[in-house]
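Colleague: fold the following.
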Amino acid sequence: MDGMASQATGCHGAGHYDHRGHSLSAQGTGQRHLVRRLSQLYVGLALYGASSALLVEAGLGLEPWNVLHQGLAERTGLTIGVVSIIVGAAVLLLWIPLRQRPGLGTVSNVFVVGIAMDGTLALLPEAHSLAVQIPLLLAGIVLNGVATGLYIAARFGPGPRDGLMTGLHRRTGRSIRLMRTAVEIAVVVTGFALGGTVGVGTVLYAVSIGPLAQLFLRVFAVPPASDGSTVVATGQPRGAILRP
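Modeller: All right, here's what the predicted structure looks like:
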């Protein structure tokens, strides 16, 4: 009996346990892990909205979906952030027939990015010269890459627009690259026809966001929780750079 008691003490003596025998230290580690992921999610989404505002203010060309948002804003009189929220919610409804399951990041994306975009635009002074517009453009693209890395690495689910593309990939059997290209071309053409800004910034964004996102995904990668207790994670599809 003494040997068995000593062995049991050895098993539990190194740390503290709750009434079910779960390590309290492991639970604390899991909570810190979750806090880090939540922080990355919301900081990333806020920075994404801010980066989009920089591109809008630069006036040299927007990323594909914001070309559409800006065009709709011009036609409706709504702010571009509000239009972004409305379009995001509408796209999310398209997930239903595609049988996509949203995560916390998906729903948060709809609101946080648009609010952050409008808030940043309200603070930025107008840019009237290339000496100001070019730095704003470059800063917006780099910040967008940082925000993308933060947001995706948190692993709370894809943004509504990316979920649309991956859902179409699953339903049609076509490649993610083809689905993304087809959707974004349609979005850019429609947005441009409505008055959205297409320019050198659109092209520069298209060729640079992939490498930037991959870089910052590695920088902000969150290691899995050691106890596997976090249940809100949502895996990301391979082969796609996911953006809000």
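
Colleague: quick one: mean pLDDT for stretch 141-155?
Modeller: Stretch 141-155 shows a mean pLDDT of 93 in the predicted model.

Colleague: give me the distance from that stretch to the chain's centre.
Modeller: The gap between the average C-alpha position of stretch 141-155 and the chain average comes to 6 Å, counting by C-alpha atoms, centre = their mean, to the nearest Å.

Colleague: now do stretch 86-96
Modeller: Centre to centre, stretch against its chain (C-alpha atoms, centre = their mean), the figure for stretch 86-96 is 16 Å.

Colleague: same thing with stretch 63-78?
Modeller: Relative to the centre of its chain, stretch 63-78 is centred 20 Å away, using C-alpha atoms, centre = their mean.

Colleague: for that stretch, buried residues please.
Modeller: Along stretch 63-78, these residues count as buried under the neighbour rule (16 or more other C-beta atoms under 10 Å): 63-74, 78. Using the backbone N, CA and C atoms, a C-beta is placed for each residue, glycine as well.

Colleague: just send these back as CSV, with pLDDT and distance to residue 115 too.
Modeller: Formatted as CSV, the buried residues of stretch 63-78 follow (pLDDT from 0 to 100; distance: C-beta to C-beta, whole Å):
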residue, pLDDT, distance to residue 115
63, 95, 18
64, 94, 21
65, 96, 16
66, 97, 15
67, 97, 20
68, 97, 18
69, 98, 14
70, 98, 17
71, 97, 20
72, 98, 17
73, 98, 15
74, 96, 20
78, 98, 13
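
Colleague: mind listing which of those are in helices?
Modeller: Secondary structure of those is defined by DSSP state H; positions in helices are 64-74.
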